[in-house]
Every structure is written in structure tokens, then in C-alpha cells.
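Asker: I would like to see how this sequence folds:
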Amino acid sequence: MAWRSRAEVATKAASSAKRRQSAYKSLRKRSALRSEIMLKSFPSARVCRIFRSSAKTIPKRNLKQLYVRVRSALCLVNIYSLTCRSVCQYASQRGTESNCCSRSPPDWNNFDIDRVCFGVISRRKGSIAMMETETKVVDGQEKTKEDTDPITKSIGAFGKWQFWICVIVFLVKFPVAWHQMSIIFLSPPMNFTCSSSEPGKFDNVCNASCSNYVYDHSVFQETIVSQWNLVCERQWLKNLTQTIFMLGILIGNMMFGHLSDRYGRRLPFLAAVFLQLISGVATAYSVDWYMFTALRFFLAVATGGTMVTSFVLIMELIGTKYRDTVGILYQIPFNLGHLTLPLFSYYLRDWSTFQLAISLPSILFLSYFFLLPESPRWLLTSGKAEEAVKIMTTAAMMNGRPTDNIAQVAQKMNVEISGKQEEHASFIDLFRTPKLRARTIAILYNWFVCGLCFFGVSQYIGHVSGKIFTNVAISAAILVPGTIISIYTNRILGRKITLVCANCITGFSCLLIIFVPQSGAGHLTLGCIGLFGLSISFATVYLYAGELFPTVVRNAGVGLSSTAARIGSMVAPFVATLSNTSSWLPPLAFGIVPLIGAVLCILLPDTRGRKLPDTLAEGEKRKLFDLATNNKVKTYVTNIEKRICVSDCKYQIKQRRSKWMKIL
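Answerer: Prediction:
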């Protein structure tokens, strides 16, 4: 057609600013068809900008003609097929026409210009900028996340009440970190020699004929190593202690997870805190290795119980909008507890006093019997609507929300829950279908990597030459920024790219330790970089596991993932102490394992912004090799004037905005 050739001429004329201005002046004087040609020469983002601005002033009787012209122009521009689909998605949702380039308009009585331009793709320096909206399309209806959850709608997604609950629950993570990482200072490396050797000379030589060893007490007064002679042929016992401890955490997660589903979140949480206090204090008075290990096992069961019950409680009280962020911030108190642990050990050089000091603060958590409420979500699922209404009313009042309809909301949810038949599934279903099987293996291995490398590298840093207190403090301090950075990387890059990059950081930094000369500073620096990557990985796999598995097997998948991490943490002490055999073995193991995990991430789809699958069939529909693409085309429509990339014609559009209005 003739008008198409003119469009090409107009586009070529826009190669320079001077010639483009003359082209605009000539096109401005021509017919509406010529204005459509001019729209064709602009990227879709600018078309949407003009369209949205014009719609504010143009009468609705002319809006239909304007929409058809602009949509035709967008289809002609055809910059990525997603542009055309996203601009015309409103029409397809109304059931008018699924073909984006057709001339069928939407329902003009319910026309919303913000929905037409909700998906805009612009090009800046060769990249695609995707803009976001808070509106989600579910089953053809536009709903926000908050609107879909009656409890969140009643008490608010996050307010003063949730903030208070987060503060008191987050404090529990300090003893969790203290007890999990305490093995670094309970059994630190100590120089020793046979009692029959030259006094004051510690050669660290094992002698089969030696019946008694003398230890260097210049750094620590007494440890479990020196008290029970855990050196030479008995050295494996201190690793076994930590392995049994991690086994206890695994059992605690499973046991208290079941108890929290049956008896609520609050009572199992308080029981775990009480057991943690009793077993922690009793451990400090152990008389032999067997008693010490047995009491540490019960301490681990309690620690695992506080971990699972506190996390579930937080996730049920926080609105969906803030759940990912709070879930990652939940790791920060653990990092701070790890950071404060060297402070206890520095001033308390005896292991029993040290153990007592990290156990007694748990007595403060007994006050949670009066401070911590039950989860209203669990109360409603258990048919205890009256108790749920009281808690929700308190929360709504504290958050400044209306309390009039809370009783009706609770009653409605109670009826809906009682009418549902829950579909049960086991972890075996995770391996029934081929794609889900591959993804399950990949995510389980990455959880194993996090458990093995995090606790292994942390313990390995405790053996690096230098002051153990400084080394552990530095390695713990690096975890805090890593966890915070993971919030933004998961939002911007997605789960897959974040996990791949974090695993590569850990793997390459640990492998470089092999090639660095025996230097405490060099090994410490590379080890801390590895922990930095692991802090990002751990936060990412928590999100990944919750979003990857279909609803019917999600609990089983997350539970099995946690089991894989605990298995890795059980193996970690033995890998960390391989340095006694050869100095290059631990960094080699901690380097290769995460790199394999990065490769296996190829099997994982990026779940950022994707609708969570409900059934196994929906999970199988996802492509096996799915690159990190974001199907959640978003845009902040209210701020579109500031967000749109206008690149080379930014100045001209600003100068001629009024003229564009007249043309359109």
C-alpha cells in the first residue's frame, strides 16, 4: 500500500534530529492516516504514553477510533510479540477477540485506559525494561493479592501488630544460631603433646603408646577436646557430636512440624523453647562425652522445633505482599546470633561456662506464654472461630483497620474450609512425573549444597590460622549484607540467576583457596566470600522450594528439601576436618559441590512472578529448560510518565506534546 511506503520514508527521515523535525511538521498537516504512520515510527512505549495522555482529554465517543489506530500502530511496530499481546490483553480478557492485531475493540462501557497500557516494553541500550503493576490477573478477573485473602484484608498485610510479632519471634533465632554454631568454640583446634614429651613443646604428634595428652591452654581454658581427649584416634567423636546434633534438628523439624499442625503454632513453640532451655543448661554439666552428646541431641530437637514453628507462625501472619521480604529477613537474626557468638567465647574461655551463657537467655522466652498469640489462620482451620475473631480484632485495632466485619469474615472462611476436601500427597509424588522429578533432584541437591557448605565453611574458617574469635566474627558479619542483597537480586534477576551466581561465587572462591599460599588472611578472605555467596543461596532456596512445587506436594517438597540440607550439615564436620589429612581437600570439596549445583539449575524454571502450580499436571506444563523470563508483565501505570524510556526522541516528545494532542 502507498501509505506503508510513506511510513518507511518517514522512518528513514528520522535518522537525524533536524530531518526528523521537518518530517513531523509535514506529517502534522496531513490526514488521520498520516498520524497513524507517525505513530508507526515510534516505539510502543511512546505510543502508549501518548495514548494514555490523550485519553484523559478525548471524549469517549472518539476513544474507540483512537484505540483502533493506536493498536494498529503497535502491531505494525511489532517490537517483540509480547508488546502487542500485553496492550491488547484487556480485550481478550473481556472475551471480545484473542487476536491482538484484530480490529475488535473491548467493551467501551467498562473501558479502562490504564489496563490497555499496563504492559509496555521499551528498549534502552539494547535491554528490555519490564514495568510492573500490582494487579494480578486470576482466572480472567483482576484481583490484588490482598483482596484474595480475607484474613489479610481484615487485619492488614503488615502493620504494627505484625511488626511486634516479628520482633519477638525473631529474637528466638539468636539461641538457634548460638547452639548450631557453638561447636566451633566447644571443640576448637588445640595444640597438644604427649605427657611424657618435653614440657611446653606441643608437637601435635599422635603416639599409640601415649595414654595421656597435655594441651595448650593459652587460648581456651577447657574445651570438650581437652576434657575428654578428643584427638588422634578419638578425633572423629567431636565430628560425630555435631552430626548427631544436626540429626536432632532434622527430627525436631519433622516432629514439631506435625505437632504444630495438630495443636497449633503457639503451644509447640512454647514447648520447644522450654525444652531448649532445660537441655541447654543440662548440657553444661555433662560429665562425659556420651552424656554431652545425648543432651545436645535433645537440645537440637528443641532448636529444630523453634525454627519450624516460628517460621510457620510468621508466614501465616504476614500478608502475601510482604511474605517474601519477611521470609528473607527472618535469616538476619540468625546471622546476628552467629556474629555475637565469638563475643561470648572471648570472655568465657571454659566450655561449660560458655554453654551455660548461651542457654540461659532462653528463659526470657517463657514470657511468650503471655505475649505470643495463636495463628488465627490455624484457629479457623481447626474450627475455633471465636478465638480467631478475638485475635483478629486485636490485630485490626492495633493496625488501625475497621473491626466491624471480622466476625463475618471468620464465619465465611470457616464455612469455606469445612467444605473443602484436602488432597493429600506424599514425597513419592515428587518423583512420579519426569519434569517434576528432574526439578526435585535439582532443588534437593542445592539444599544439600547449602547445608554442607554453610556449616562446613563456617567450621573450616574456625581452623584457619589466626585468632579464631576474629575469624568467626568476620565470617559472620559478611552474612548480613549477603542476606539483604538477596532480597533485591531475587526481585530483579529472579530465583534461577540469583542461585546460579551465588553458587558460582561460593565454588570459585573455595577453589581459589587451594592456589593461595598458606596465608591466614588469604584463606579467611576467600572463605568469607564463599559464605557471602552461601548467604544468598540459602535465602534463595527457601523461596525457590516454596514456589517450585505444586500445591498438592508443596509441604512434602519443602520438608524433603529441608531434610537434604540437614543431611549436608551432618556431613559438613567430617569434610571440614579433612584438612588434618590434606589441606586442599576441604576447599576442593566446598568448591566443586556448589558448581555442580549451579549446573543443575538449568533444570529449574524461574518462578519469579509466576502463578504457583496447584496440581502435578500444571507443574508438568512448565518447560524443562526454561530460561529466566518474566511472564508477569508489569507496569506502574500511575507513574508511567516517569518510568517510560524515551531514549533518542525524549526531547522532541516533550516539546511537541501539545501538538500530538491536536493530531490525535
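Asker: count the residues that sit near Trp236.
Answerer: Residues lying near Trp236 (other C-beta atoms under 10 Å) number 14. For every residue, glycine as well, the C-beta is placed using N, CA and C.
Asker: hmm, I typed the wrong one, I wanted Val205.
Answerer: Close neighbours of Val205, defined as other C-beta under 10 Å, add up to 11.
Asker: what's near enough to touch it?
Answerer: Neighbouring residues of Val205 by C-beta atoms under 8 Å, 6 or more residues apart in numbering: 193-194.
Asker: using the three-state scheme, assign it.
Answerer: What DSSP: H, G, I helix; E, B strand; the rest coil gives for Val205 is coil.
Asker: measure it to Phe298 for me?
Answerer: Separation of Val205 from Phe298 (C-beta to C-beta, to the nearest Å) stands at 37 Å.
Asker: which helix or strand in this protein has the lowest average pLDDT?
Answerer: Counting by mean pLDDT, DSSP states H and E, the chain has its least confident helix or strand at strand 127-130, which shows a mean of 28.
Asker: might you report the residue contacts of Val176?
Answerer: Counting by C-beta under 8 Å, 6+ apart, Val176 makes contact with 303, 306-307, 334, 337.
Asker: now the helix or strand where it lies: average pLDDT?
Answerer: Element membership of Val176 [criterion: DSSP states H and E] is helix 173-181. Averaged across helix 173-181, pLDDT comes to 92.
Asker: list the buried residues of the helix or strand just after that helix.
Answerer: Counting by DSSP H and E, the element after helix 173-181 in chain order, helix or strand, is helix 183-186. By 16 or more other C-beta atoms under 10 Å, the buried positions in helix 183-186 come out as 183-186.
Asker: cool, stretch 265-285 as well?
Answerer: The neighbour-count check on stretch 265-285 (16+ other C-beta under 10 Å) flags 265-266, 268-284 as buried.
Asker: my read: Met570 touches Ile251, true?
Answerer: No. Judged on C-beta atoms under 8 Å, Met570 makes no contact with Ile251 at a distance of 11.9 Å.
Asker: those two: who's more crowded?
Answerer: Between Met570 and Ile251, counting by other C-beta under 10 Å, Met570 is the more crowded of the two (22 against 16).
Asker: which stretches of the stretch 301-450 of the chain have low pLDDT?
Answerer: Filtered on pLDDT under 70, the stretch 301-450 of the chain yields the residue ranges 412-427.
Asker: helices of that one, start to end?
Answerer: For the stretch 301-450 of the chain, the helices defined by DSSP state H, counting those that start in this stretch occupy 320-329, 332-347, 351-359, 368-371, 376-381, 385-399, 406-419, 434-462.
Asker: indicate which one of those is closest to Met255.
Answerer: Ranking the helices of the stretch 301-450 of the chain by proximity to Met255 (C-beta to C-beta) places helix 376-381 first, at 17.4 Å.
Asker: what is the closest one packed up against?
Answerer: helix 150-155, helix 289-317, helix 385-399, helix 406-419 (3 or more C-beta pairs under 8 Å, 6 or more residues apart in numbering; DSSP states H and E).
Asker: Thr506: which of these is closest?
Answerer: Proximity to Thr506 (C-beta to C-beta) singles out helix 289-317 among those, at 22.7 Å.
Asker: the closest one vs helix 173-181, what angle?
Answerer: 140 degrees (axes from the mean of the first three to the mean of the last three C-alpha atoms, to 10 degrees).
Asker: list the buried residues of helix 289-317.
Answerer: Applying 16+ other C-beta under 10 Å to helix 289-317 flags 289, 292-315, 317 as buried.
Asker: could you do stretch 344-363 as well?
Answerer: By neighbour count on 16+ other C-beta under 10 Å, the buried set for stretch 344-363 is 344-346, 348-349, 351-352, 354-356, 358-359, 362.
Asker: give me the low-pLDDT residue ranges for the stretch 51-200 of the chain?
Answerer: Across the stretch 51-200 of the chain, the ranges flagged by pLDDT under 70 are 51-149, 196-200.
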